[in-house]
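Everything below, folded, please.
(one chain, ligands or ions: 2)
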Amino acid sequence: MKKEERKLTAVEIPIGDIVEAETAVEFNTGSWRSERPVWNKEKCIHCLTCWISCPDSSVKIASDEKRITIVTGIDYDHCKGCGICARECPPKIKAITMEHEKK
Ligand code: SF4
Ligand code: SF4
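Ligands and ions are numbered 1, 2, ... in the order given. Below is the predicted model:
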């Protein structure tokens, strides 16, 4: 009979052991957000500062027809509403504003 696999808790991991990295891609980790960034497509100059700054990789990007990387929106399934993107967006542009999350 195959022994049932069980994930070790943090205190059970041997000192110096290497733990495989996990991912939150499959989980809706943005569900507890209290504020949401609202991206304004018309104002955005696609400098990608928000994309570089987002700690949750929640600023969505794509290549346009000229193969230039552009911002296309926010991944609300994973965005935590920290507001870093809005804070880092150039002050003269202000293409992202934070709004209260409507539940
Ligand atoms: S609010 Fe925070 S988590 Fe959400 S897109 Fe902006 S920087 Fe990323
Ligand atoms: S930082 Fe502001 S202007 Fe730059 S890509 Fe993001 S939303 Fe657009």
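
Buried residues, stretch 74-81. List them.
74, 76, 78-81 (16 or more other C-beta atoms under 10 Å). All C-beta spots, glycine's among them, are computed from the backbone N, C-alpha and C.

can you count the residues close to residue 59?
Other residues near residue 59 number 23, with proximity taken as other C-beta atoms under 10 Å.

Which residue is the nearest non-sequential neighbour of it?
residue 51 (4.2 Å; C-beta to C-beta, 6 or more residues apart in numbering).

What distance do you get for the one you found to residue 29?
Between residue 51 and residue 29 the computed distance is 18 Å (C-beta to C-beta, to the nearest Å).

So for these two, which sits in the more crowded spot?
For residue 51 against residue 29, the residue with the higher neighbour count under other C-beta under 10 Å is residue 51, and the figures read 18 against 15.

Off-centre distance for stretch 34-53?
12 Å (C-alpha atoms, centre = their mean, to the nearest Å).

Run the contact check for that stretch versus ligand 2.
Yes: counting by C-beta under 6 Å from any ligand atom, contacts between stretch 34-53 and ligand 2 involve 39, 44-50.

Show me the shaky parts of this protein.
Counting by pLDDT under 70, the low-confidence segments of the chain come to 1-4, 103.
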